[in-house]
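Undergrad: Give me a 3D structure for the following:
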Amino acid sequence: MNIEGIIFDMDGVLLDTEKLYVKFWCQGANFYGYEMKEYHALSIRSMARPFAIEKLKSYFGEDFDYYKVHEKRIELMDKFIEKNGIETKPYAQEILKFLKENHYKTALATATGIEKTKTYLKQTGLYDYFDKIVCASMVERGKPEPDIYLKAAELLKLNPDECIAVEDSPNGIKSAHRAGCITVMIPDLDLPDENTKKNTYKVLGNLNELKKLLAEIKS
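TA: Okay, the predicted model is just below:
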């Protein structure tokens, strides 16, 4: 196995923002009278908008107003971040620095929009570590389809099987696996189920454990 690139999901992997998405999706939906619970919000993590709309309508009916709830979620989350800032996940900066020093190519593959992605990365000091950034709006189909990982590998000028994809969600793992990447999961808000485990090369406890895995692959 020859690994030359690492492609990261952002929310829940590098930034401790996934918990905020879940919290404010629920609050936004509740504001408009939809009884969204944490498990509903968890099911759409990293999911592209068309798939998320379909999933949420399956829970709350065809009259579920995704766009109205989405706008409310953004409003609430933006206010929270403006007041409290953004936390990185443990070892986020350390692992990105390590990868640069050891000449790995790095990319980001995220469902978050490009401007917000850049803002978050710059606020947390992570922006300059990335060679390429790919957001869902840049590909035809977002996660769990493989397009975003295929695009990231292409921009790094690597084959997907030369890239480790680091994810925290089942939808992200499915996307990376379908693209042919070597999938690594670092669970954030929940543990992988059996189907997710089948699509995962390795489950790690934190980002720092990626160093050991890369050493094992090289040896």
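Undergrad: What number of residues are in the vicinity of the closest residue to residue 124 other than its chain neighbours?
TA: The spatially closest residue to residue 124, leaving aside those adjacent along the chain, is residue 88, at 5.1 Å (CB to CB, 6 or more residues apart in numbering). C-betas here are computed from N, CA, C, even on glycine. Neighbours of residue 88 under the rule other CB atoms under 10 Å: 20.
Undergrad: which residues does residue 88 bridge with?
TA: Beta bridges link residue 88 to residue 15 when assigned by DSSP bridges.
Undergrad: do you know how far it is from residue 121?
TA: Distance, residue 88 to residue 121, by CB to CB, to the nearest Å: 10 Å.
Undergrad: next one: residue 103
TA: 21 Å.
Undergrad: Of those two, give the one with the bigger neighbour count.
TA: residue 121 (23 against 7).
Undergrad: surely the more buried one meets residue 115?
TA: No. Residue 121 is beyond contact range of residue 115, at 11.0 Å (criterion: CB atoms under 8 Å).
Undergrad: quick one, domains of this protein?
TA: What automatic domain parsing lists as the domains of the chain is 5-16+87-218, 18-84.
Undergrad: can I get the ones you listed in a markdown table with mean pLDDT?
TA: Rendered in a markdown table, the data for the domains of the chain read as follows (pLDDT from 0 to 100):
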| stretch | mean pLDDT |
| --- | --- |
| domain 5-16+87-218 | 96 |
| domain 18-84 | 94 |
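Undergrad: Pick the most deeply packed of the ones you listed.
TA: Using mean count of other CB atoms under 10 Å, the stretch among the domains of the chain with the largest mean neighbour count is domain 5-16+87-218, at a mean of 19.
Undergrad: Contacts for the strand or helix carrying residue 20 next, please.
TA: Using DSSP states H and E, the element containing residue 20 is helix 18-31. Contacts with helix 18-31, where a contact means CB atoms under 8 Å, 6 or more residues apart in numbering, come from 11-12, 35-38, 40-42, 44-45, 60, 69-73, 75-77, 80-81, 168-169, 188-189.
Undergrad: got it, and stretch 147-165?
TA: Outside stretch 147-165, the residues within contact range by CB under 8 Å, 6+ apart are 1-9, 105, 107-109, 131-132, 134-136, 138-142, 172-173, 175-176, 178-184, 201, 210, 213-214.
Undergrad: Can you flag which of those belong to helices?
TA: Mapping these onto helices (DSSP state H) picks out 172, 173, 175, 176, 178, 179, 210, 213, 214.
Undergrad: OK, contacts around the third one?
TA: The neighbours of residue 175, taking CB under 8 Å, 6+ apart as the test, are 46, 109, 143, 144, 145, 146, 148, 149, 167.
Undergrad: and the fifth one, what element?
TA: Element membership for residue 145 (DSSP H and E) is empty, with no helix or strand holding it.
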